[in-house]
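Colleague: What shape does this take:
(chains A, B, C and D)
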Protein chains: 2
Amino acid sequence: MATPDVPDIVIGRLPLYLRALNQLEAEGQEITSSHELADQLDISSAQIRKDLSHFGEFGKQGTGYNIEFLAAQIERILQLEQVWHVALVGVGDLGRALAGYNGFQHRGFRITHIFDNDPDIIGTQVSEFEVLPYARLQEVVSEADILMAMIAVPADKAQGVCDTLVKAGVKAVLNYAPTKLRAPSDVHVQDIDPVIHLQHMSYYLTT
Amino acid sequence: MATPDVPDIVIGRLPLYLRALNQLEAEGQEITSSHELADQLDISSAQIRKDLSHFGEFGKQGTGYNIEFLAAQIERILQLEQVWHVALVGVGDLGRALAGYNGFQHRGFRITHIFDNDPDIIGTQVSEFEVLPYARLQEVVSEADILMAMIAVPADKAQGVCDTLVKAGVKAVLNYAPTKLRAPSDVHVQDIDPVIHLQHMSYYLTT
DNA sequence: TAGATTGTTAATCGATTAACAATC
DNA sequence: TAGATTGTTAATCGATTAACAATC
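Modeller: Numbers count the residues shown, from 1 in each chain, chains lettered A, B, ... in the order given. Prediction:
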């Protein structure tokens, strides 16, 4: 690997840069600068340049960055040149919303299998998917070599789901259940809990 | 104010502490320690003690923390003793999932109004809400003194929605649209974009 | 008392920023 | 050339951690 040991906090900003670049590109712009990106993202231009410098030199002095080129480089760095297959566990309201979301495909991901343990839901059609029985989760995910999964089940079921996913070989989990999951250190887990964000912001409210 | 200028990164961890405490409480435990919390949360015990020390002394040497007491203190600090009213804009699949989510109420928040601009949806019933016309967003939110909102509309509509919310007096926005919003500095904005998390984790995948 | 854990200080670590030579 | 912007270094800033006296 040409890029040893880049801080995780830097990796975490690359998707934000990519999203901003895609937006500029969609607006027909061809060139941007660290200053313009900084302005869009509320990040300092120095930080953007420093972050990118971990991976190579992508700009031209005096000119800036070619948007299409830089976006392609970030996609390469993040391994987004392929489309990752993702399993979704839990077909409640949130699971349905995720199953129907169109925004995954062109940003590097595709849900390929969805699972639930409710007999009334198993076998039904949700978006383009047939809901598979939770009992088959490990077998199917393992067989299909799926490395990423999203958990959209109640909090008290999430750890069990996570354990099964890990056994099936999943290495990245996006957890929507409002609970902290335990997983081996080679498995990445990130959480989405709207209440955590609301509670964070409520600190600052004045009435 | 008794608590001037606590770093935002500390505030952001308080909801995680609270969630862990609630979980321990639900399991019937009465006392915990910074070490046990640290173990649950993958945060160092020193950091937990330091974070809490910004706000007062909540533990007993040799014993630890009374869970119920500490949870109550964190709720007070985060201003969660009241239930904040929240407006939801956008009644697509995700909006429906949020409207139907039971997890808000007991953690300090209640969706009170939901809006959409689709004539086919306006006036229909979604969970316990009647969908209000987007045209009335500013008036209703302003009138009801709502300070928090969630945006669940397509990316290209999000900034306009945000602007209207700001005009209506909203001071905290949870944005589900995959785009960076601009808002005055006294308005807090936090983003939830699953793809950002997936892209972050895909960096670490090996095949 | 002996053992455990807090709250806090000081040291360490790492991230951000300022500044500028290089150069397009 | 003059103006602009990169990539990078060194300085600054802030967050995390280690360690321990206080004390339950």
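
Colleague: switch to C-alpha atoms for all contacts and neighbour counts from now on
Modeller: OK.

Colleague: got the contact list for the closest residue to residue A:70 other than its chain neighbours?
Modeller: Nearest residue to residue A:70, sequence neighbours excluded (CA to CA, 6 or more residues apart in numbering or on different chains): residue A:58, at 6.4 Å. Contact analysis of residue A:58 by CA atoms under 8 Å, 6 or more residues apart in numbering or on different chains lists A:52, A:65, A:69, A:70.

Colleague: Pipe the residues you listed into JSON lines and attach distance to residue A:151 per row.
Modeller: Putting the contacts of residue A:58 into JSON lines (distance: CA to CA, whole Å) gives the following:
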{"residue": "A:52", "distance to residue A:151": "32"}
{"residue": "A:65", "distance to residue A:151": "37"}
{"residue": "A:69", "distance to residue A:151": "34"}
{"residue": "A:70", "distance to residue A:151": "32"}
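
Colleague: among those, which ones are buried?
Modeller: Using 16 or more other CA atoms under 10 Å in any protein chain shown as the burial test, the contacts of residue A:58 include A:52, A:65, A:70 as buried.

Colleague: near chain B at all, the helix ranked longest in chain A?
Modeller: When chain A is scanned for its longest helix (criterion: DSSP state H), the result is helix A:8-26. Yes: judged by CA under 8 Å from any CA of the partner chain, helix A:8-26 comes into contact with chain B through A:11, A:12, A:14, A:15, A:16, A:19, A:20.

Colleague: can I get the residues you listed in a markdown table with distance to residue B:147?
Modeller: What follows is the residues of helix A:8-26 next to chain B, written out as a markdown table (distance: CA to CA, whole Å):
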| residue | distance to residue B:147 |
| --- | --- |
| A:11 | 33 |
| A:12 | 29 |
| A:14 | 32 |
| A:15 | 30 |
| A:16 | 27 |
| A:19 | 28 |
| A:20 | 28 |
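
Colleague: Among the residues you listed, which one lies nearest to residue B:27?
Modeller: In terms of CA to CA, no member of the residues of helix A:8-26 next to chain B lies closer to residue B:27 than residue A:12, at 34.1 Å.

Colleague: ok, the closest one - contacts?
Modeller: Contacts of residue A:12 (CA under 8 Å, 6+ apart): B:197, B:200.

Colleague: Tell me who's in contact with residue A:33.
Modeller: Residue A:33 sits next to A:63, A:64, A:65 when contact means CA under 8 Å, 6+ apart.

Colleague: hmm, try it at 6 Å
Modeller: Residue A:33 makes contact with A:64, A:65, according to CA atoms under 6 Å, 6 or more residues apart in numbering or on different chains.

Colleague: Show me which residues of chain A sit near chain B.
Modeller: Residues of chain A lying near chain B by CA under 6 Å from any CA of the partner chain: A:12, A:15, A:78, A:79, A:93, A:94, A:97, A:196, A:200, A:203.

Colleague: List just the nearest of those to DNA strand C.
Modeller: Lowest distance from DNA strand C to the residues of chain A next to chain B (CA to the nearest atom of the strand) belongs to residue A:12, with 10.0 Å.

Colleague: how long is stretch A:158-178 end to end?
Modeller: Using CA to CA, to the nearest Å, the end-to-end distance of stretch A:158-178 comes to 9 Å.

Colleague: Now do that stretch: everything it contacts.
Modeller: Residues from elsewhere that reach stretch A:158-178 (CA under 6 Å, 6+ apart): A:138, A:141-142, A:147-152, A:154-155, A:181, A:187-193.

Colleague: Would you mind measuring from the residue positioned nearest the centre of chain A to residue A:154?
Modeller: Centroid-nearest residue in chain A, with CA atoms, centre = their mean: residue A:174, separated by 7.2 Å. Per CA to CA, residue A:174 is found 14 Å from residue A:154.

Colleague: Please name the strands paired to the strand or helix carrying the residue nearest to the centre of chain A in the sheet, noting orientation.
Modeller: Per DSSP states H and E: residue A:174 is located in strand A:172-175. Take DSSP bridges as the rule and strand A:172-175 pairs in its sheet with strand A:148-151 (parallel), strand A:188-191 (parallel).

Colleague: tell me the domain boundaries of chain A?
Modeller: A:8-77, A:84-196 (automatic domain parsing).

Colleague: touching DNA strand D at all, the first one?
Modeller: Yep, that's domain A:8-77 we're talking about. Yes: Domain A:8-77 reaches DNA strand D (CA under 7 Å from any atom of the strand) through A:32-35, A:45-46, A:49-50, A:52-54, A:56-65.

Colleague: centre of the chain versus that domain, how much separation?
Modeller: When distances are taken as CA atoms, centre = their mean, to the nearest Å, domain A:8-77 is centred 18 Å away from the chain's centroid.

Colleague: so for it, what's the average pLDDT?
Modeller: For domain A:8-77, the mean pLDDT works out to 98.

Colleague: For that domain, what is the spacing between the initial and final residues?
Modeller: For domain A:8-77, the separation between the terminal residues is 13 Å (CA to CA).

Colleague: before we move on, what about the last one?
Modeller: Using CA to CA, the end-to-end distance of domain A:84-196 comes out at 28 Å.

Colleague: Alright, calling it a day.
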